[in-house]
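K.L.:
following is a predicted model, sequence given first.
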Amino acid sequence: MPKNKVLDAEYLIDLNGVEEALSTQSNFVRDTFLDALADGRLRIAKRTSKELKDCDEELYAEFQQIRTKRYITPKVAEQSIQADLIVDHGGGLLGGFPPEDRFENIAICLSQGLKMVSAGKPLKDYKSIGKKCKLNGFTPMTLSEFAQEIA
């Protein structure tokens, strides 16, 4: 397959996923991340670039060296899905509520048929929201699971 061919998106990655991909010790995971970005299978949530710049200048500089970055920005229909998800989810017993960007990313995934790649607390939030809102078509996954799936 030619290197410049852009495939249809299959995955969306957020800030935590990008941070983990750029800082991992696993060459397999890192190379898979870069290859999937280059061929378009993996897309980046648009707000990730600004968030990365704000929180880690060193990783942001490395991120800027990646030639091919394909972003996804939420559309009006996805913002509507996001609002519905927030209402369906409701607040936790102790008032805990996942950040709005988690719902936005899930809405994008549901609307465009993508799988969500993340790490750490956001990944737990995605799984929790998916379970609480009974989202059978939503698949949150780790970077390792992502790399294994597309290898």
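P.N.:
Noted; the coordinates are in hand.
K.L.:
all helices of the protein, in order?
P.N.:
Using DSSP state H, the helices assigned to the chain run over residues 15-23, 27-39, 47-55, 57-64, 76-89, 100-112, 120-132, 143-150.
K.L.:
export these to a markdown table and append columns for mean pLDDT and mean neighbour count.
P.N.:
All C-beta atoms are positioned from the backbone trio N, CA, C, and that covers glycine. Output for the helices of the chain, formatted as a markdown table (pLDDT from 0 to 100; neighbours: other C-beta atoms under 10 Å):
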| stretch | mean pLDDT | mean neighbour count |
| --- | --- | --- |
| helix 15-23 | 94 | 22 |
| helix 27-39 | 93 | 18 |
| helix 47-55 | 87 | 16 |
| helix 57-64 | 86 | 14 |
| helix 76-89 | 92 | 15 |
| helix 100-112 | 95 | 22 |
| helix 120-132 | 96 | 17 |
| helix 143-150 | 97 | 18 |
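K.L.:
please identify which of those is closest to residue 9.
P.N.:
Of all the helices of the chain, it is helix 100-112 that lies closest to residue 9, at 6.7 Å by C-beta to C-beta.
K.L.:
same for the closest one, what does it pack against?
P.N.:
If you count contacts as 3 or more C-beta pairs under 8 Å, 6 or more residues apart in numbering; DSSP states H and E, helix 100-112 packs onto strand 11-13, strand 42-45, helix 76-89, strand 115-117, helix 120-132.
K.L.:
figure out which of those is closest to residue 143.
P.N.:
Of the helices and strands packed on helix 100-112, the one closest to residue 143 (C-beta to C-beta) turns out to be strand 115-117, at 6.2 Å.
K.L.:
how about the closest one: buried residues?
P.N.:
Within strand 115-117, the residues scored as buried using 16 or more other C-beta atoms under 10 Å are 115, 116, 117.
K.L.:
for the first one, give the beta-bridge partners.
P.N.:
This means residue 115. residue 11 (DSSP bridges).
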